[in-house]
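Engineer: structure of the sequence below:
(chains A and B)
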Amino acid sequence: MIEIGREWGLFLFRRLSYFVVSLVLVSIITFSVTNLLGNPVYLLVGTRYTQEMVDNLTAELGLDKPIPERYLNYVRNLLQGNLGVSRYSFNAVSDEIQARLPATLELSTYALILGVLWAVPAGIIAGIRPHSLFARFADLMARAGVSMPGFWLGLLLIFVFYAEFNLLPAPLGRIPRRIGAPPSVTGWYTIDSLLAGDMEKLSASFQQLLLPALTLALTTSPSILQITRNKMQEVMSSDYVRAARGFGLPSRVINRYAFKNILASVITMIAMTYGYLLSGTVLVEVIFTWPGLGLYAVDAMNHSDYEPIMGVVLLSAGFYLFVYFVADILHALIDPRVRIQA
Amino acid sequence: MSVRLMLRVFLLAILATAALGSAVYLSAQDEENVLVIAISSDIETIDPPFSTFQRSNETNYNIFDQFFKYATVDSGEGYSVADISTIEGSAVESWEWVDDLTLVMNVRQGVVFPKTGREVTADDFMYWYDRALGTEAGTLWNVQTASIESFEKTGDYQVTVHFSQPSPWFFYLFRDQSQAPIDSIEAQAHAEDDDPWATRWLAKNDVGSGEFYVESWDPGIEMVLRANPDYWAGPAFFDQVILRIIPNSADRALLLREGEVDIATDLSTEELDALRGSEGVKVLSIPTRNQMILGFNVQQEPFDNPLARQALTYAVPYEDIIAGVFSGNGLVSKGPIPVGGQFHDSSLWPYSYDLDQARALLEQAGLADGFEFTLDIASGSPITEQIAIILQDAFSQIGVTMHINPQSSAVFAEQLGTLEHQAWMRDLLWYVDDPGYVGKLFFGTGAVANWMGYSNPELDAVIDELAVTLDPTRKAELAQEYQTILIEDAPALYLAEMPFEIAMREDIQGYVQLPDNLLWYYPLYRDSGD
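Structural biologist: Numbering: from 1, shown residues only, chains lettered A, B, ... in the order given. Purely as a prediction, here's the structure:
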């Protein structure tokens, strides 16, 4: 028992260390890159300015200080939970992120659910019957999903479902303005609508969510599908499955055992996909006017407003690392060898 | 079996949601007095001194009541244009020149700030002036450029402006979106010790007396403006203007076509062309004084040689640019004053697309074998990129290799300010139609936007005189000299005069083209012709 506790302690310590070191590295890279994008002062003052205005603004933004000093100030503020303020609106970046995070989380989560609901069963079936018609279809879908850029697929879906057949509403954010957002509890419109017992808002939120979530699901799920199919195929041709077959065990039982064996890899891939979704929804958010973190970052980039960019990148990296961290723990729970090797 | 079941549930869920959608989906845009405008990005700030982007400028133009306005005239093409020769009062009702250096402005009485109900008085004008000096931002530049020495309150509804020298550009500058009284009591109530001019609060709270006021602002999603019911000239036709942020231009075009929005801004030439044939949509293409300019750094080789610059002026395929990039809309530039400018004289322009002449000049410049240079452009502007490619090809025919270097907008702007580009290209909108003003801003020695490092004492003298000349005849003479010098020296290439193009639903009427390309909501109305 003590030995297991020690293993877990060591495992968690190592994983947490990676987490922190990675986060520090990300902050250094993000800070350097954004600060190398150029001095935003000239953009802020426009074409009509005096040298005095440029100098004042440079000092006000702290851009007259050396980069290492600026970075240390940034980290100091970061440790106090202060991500800085936008240079235009003067809004605190942390407030803006807090306001937009639920939109991204809701979209990413539904996209993941859609993706997993399709990719895992499809992967299992294709793995069990690799030469079937369905396996070929799943393969085709996976290839198509990988090759199609998300923004293109998004535009296509908008064109078909909104413009041509009017089956779904305009790609204008999370809920039509004539219906209005539900009272905020979680920030997730679907859940908040449910909590408010408002079925019209619930239905409207789902309609707005459907196409962006489907776009993301179709373009991000192929990796889950492929890993599920490959692992399943591998397990199904392994000795112990053949032995089980030889002993006459029913297929249902064999499949269940086989699935348990591929679970660790599938969970890792799902976690990776979720991490990617949380940080990689930018283009889809732009196409569907989805007011999440991606759209916020794009707007900030267009204006060289560095604090929001750094805030979003750091948060996305944090998400990614956190999801990996959780996946590692799940992996270690499923397979004790992982924590011992670590 | 359970896997199959899950698949079925999944597919059924998608179909059910789609079916539900078709059952409840209604067209969103069905209100007569609501104007929905699709914009590409959020409004940066609604504090005028700090507004440098077009989007903020446009919002500020509509929510503040500027000192003056231009009169408008019908162009006969389905829209009106600002008549820059006629100034009308707005927040300032009337005015009188005591002499060339003193102007008495009478504040319009009985006007209230819609958000607080306070009356606009001379104090609000004085606060605006003090704040311009105190914030040391964009408005101060206008104050200084208009040669204003001081503002003096000479009555509850009267302000006297004292000038250090005659100011030919005063009215041009004081119809600008940032020159408008703000509720001084409200603004001061939000001042803080470290922010005496309430810049943080005013960045997102409007205290103007304009035609509209901000009803709500959901950052990244939309801003809703409400018509000021007590506006001195009467409320606008549209009770509500919704500025809907739709970052993807293909979406903006599609939503306009579908009638979901009334006006779509910032569309590409291709999207506008596609919309031209769409039912219920019209595209206005209006000539402007927006020039695409390629500036040379005249302090560096080879552009320190005027012959090299002149040679490239002969190598620009002007007509191809208009045809290829602007689908035939827009005009060929003929000099430093745009063709639509009040002092423009095309007869002074000797250049045309003539490669033999270009080669001859290069030989004269000692550059018969050609040369290489780098053109910096801000990335993300398809029009700039397309023109750069046309030029690259044209210049290669006279042995000049031009490398195109896209940069982030911040780097590009910084290097303009620090004179680091060898050559650059961007559009410049001459919204103040006066060569003296443009000269002071752009061509004068050490001018703030003289990104070419260009200097000619002869031209400086012309600009200095233009800056104090009120007599129109003398101004016209000076404008001739101005054009002659700049055409001869060729510190920049004037590549095209870009049209301002905007797409809207056919029932939107009353469009007025302002010289700064800002969309003015007040004169717009809906008339389906039924």
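Engineer: burial check on the residue in the stretch 101-250 of chain A that chain B sits nearest to, number of neighbours?
Structural biologist: Nearest residue of the stretch 101-250 of chain A to chain B: A:Pro121, at 3.9 Å (Cβ to the nearest Cβ). In short, each C-beta sits where N, CA and C put it, glycine included. Residues within reach of A:Pro121, counting by other Cβ atoms under 10 Å in any protein chain shown, total 20.
Engineer: then A:Ile67?
Structural biologist: For A:Ile67, the count of nearby residues is 12 (other Cβ under 10 Å).
Engineer: which residues touch it?
Structural biologist: Contacts of A:Ile67 were listed using Cβ atoms under 8 Å, 6 or more residues apart in numbering or on different chains, and they are A:31-32, A:35.
Engineer: put the buried members of the residues you listed into a ChimeraX selection.
Structural biologist: To isolate the buried subset of the contacts of A:Ile67 in ChimeraX, counting by 16 or more other Cβ atoms under 10 Å in any protein chain shown, use the following:
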select /A:31,35
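Engineer: now, the contacts of A:Ile67 that are in helices?
Structural biologist: Under the assignment DSSP state H, the contacts of A:Ile67 contribute A:31-32, A:35 to helices.
Engineer: in TSV, list these along with pLDDT.
Structural biologist: TSV is the format used below for the ones in helices among the contacts of A:Ile67 (pLDDT from 0 to 100):
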residue	pLDDT
A:Phe31	84
A:Ser32	84
A:Asn35	76
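Engineer: burial check on A:Ile29, number of neighbours?
Structural biologist: By the criterion of other Cβ under 10 Å, A:Ile29 has 12 neighbours.
Engineer: secondary structure element for it?
Structural biologist: Element membership for A:Ile29, per DSSP states H and E: helix A:2-36.
Engineer: what average pLDDT does the helix or strand following that helix get?
Structural biologist: Towards the C-terminus, the helix or strand next in line after helix A:2-36, according to DSSP H and E, is helix A:41-45. Helix A:41-45 carries an average pLDDT of 77.
Engineer: again with stretch B:260-278
Structural biologist: pLDDT averaged over stretch B:260-278 gives 91.
Engineer: next, the buried residues of it.
Structural biologist: Across stretch B:260-278, burial judged by 16+ other Cβ under 10 Å covers B:260-267, B:269, B:271-272, B:274-275.
Engineer: hang on, the earlier thing: distance from the helix holding A:Ile29 to the middle of the chain?
Structural biologist: Mean C-alpha position of helix A:2-36 versus that of the full chain (Cα atoms, centre = their mean, to the nearest Å) differs by 19 Å.
Engineer: what do you get for stretch A:241-254?
Structural biologist: 39 Å.
Engineer: can I get that stretch in CSV? Just the C-alpha atoms.
Structural biologist: Output in CSV follows, covering the C-alpha atoms of stretch A:241-254 (Å, rounded to 0.1, in the frame of the first residue of the first chain):
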residue,chain,number,x,y,z
VAL,A,241,-8.2,-13.0,-28.7
ARG,A,242,-7.6,-15.9,-31.0
ALA,A,243,-7.3,-18.2,-28.0
ALA,A,244,-10.6,-16.8,-26.6
ARG,A,245,-12.2,-17.5,-30.0
GLY,A,246,-10.8,-21.0,-29.9
PHE,A,247,-12.4,-21.5,-26.5
GLY,A,248,-15.7,-20.5,-28.0
LEU,A,249,-16.3,-17.3,-26.1
PRO,A,250,-19.1,-15.2,-27.5
SER,A,251,-18.1,-12.3,-29.7
ARG,A,252,-19.8,-9.8,-27.4
VAL,A,253,-17.5,-10.9,-24.5
ILE,A,254,-14.4,-10.9,-26.7
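Engineer: quick one: end-to-end length of stretch A:181-198, please.
Structural biologist: Terminal residues of stretch A:181-198 lie 11 Å apart, using Cα to Cα, to the nearest Å.
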